[in-house]
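In: Pasted the sequence and its predicted model underneath.
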Amino acid sequence: MPRVADHMAWKWYTSFKSKEDLNLPALTLEPDGLYRIHCNELFCRVPNCPKITPSDTLNNLRKHYAHRHPEIKLTGNSKRGGRPTLAEEHAAIDFHKALYNDHFATPGMTAAVPIKIEDSDSDLDTIKGEDIPWDS
């Protein structure tokens with residue numbers, strides 16, 4: 001089972017100390033009228049929100065939205081607790097992979113080790129042209 005916190009794309013995401021260095025997408029409005037945030041997400045994605053530093057936990061991020069942006073209702077049952085479902089973990093990994101790929105597709109963005117995270121059916125992606133297993 002995948003663990004978001006063990007994934008390289010999430011580790012890259014957590015290396016940022018300010019959301020100003022990331023090109024975060026807008027919140028996704030679900031068909032039920034609620035907005036989606038992903039497990040292990042740390043930055044507020046409301047445009048022009050003065051909170052630019054990461055939250056310590058997803059729960060603290062949810063509290064930030066509730067107190068500072070009460071008009072935004074989030075998906076997920078915050079009372080459920082426990083480990084995210086497999087589908088939630090896959091969605092979060094896909095979110096962090098997309099952030100990573102979008103970051104390096106933007107002119108002027110740099111990193112110590114550029115990595116291309118590809119969508120594929122295999123468990124392998126590429127780093128500097130070499131296949132690497134993401135889950136190892």
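Out: Sure thing, it's come through. Residues are numbered from 1 along each chain as shown.
In: what helices or strands is the helix ranked longest in the chain leaning on?
Out: Ordering each helix of the chain by length in residues (DSSP state H) puts helix 86-105 first. On a contact count with 3 or more CB pairs under 8 Å, 6 or more residues apart in numbering; DSSP states H and E, helix 86-105 meets helix 8-14, strand 115-116. Bear in mind the C-beta positions are built from the backbone N, C-alpha and C, glycine included.
In: residues of the first one that come out buried?
Out: What that stands for is helix 8-14. Buried positions in helix 8-14, judged by neighbour count with 16 or more other CB atoms under 10 Å: M8, A9, W10, W12, Y13.
In: From D94, how far out is the second one?
Out: Distance check for A9 against D94: by CB to CB, to the nearest Å, it reads 9 Å.
In: With the first one instead?
Out: Here the distance between M8 and D94 works out to 14 Å (CB to CB).
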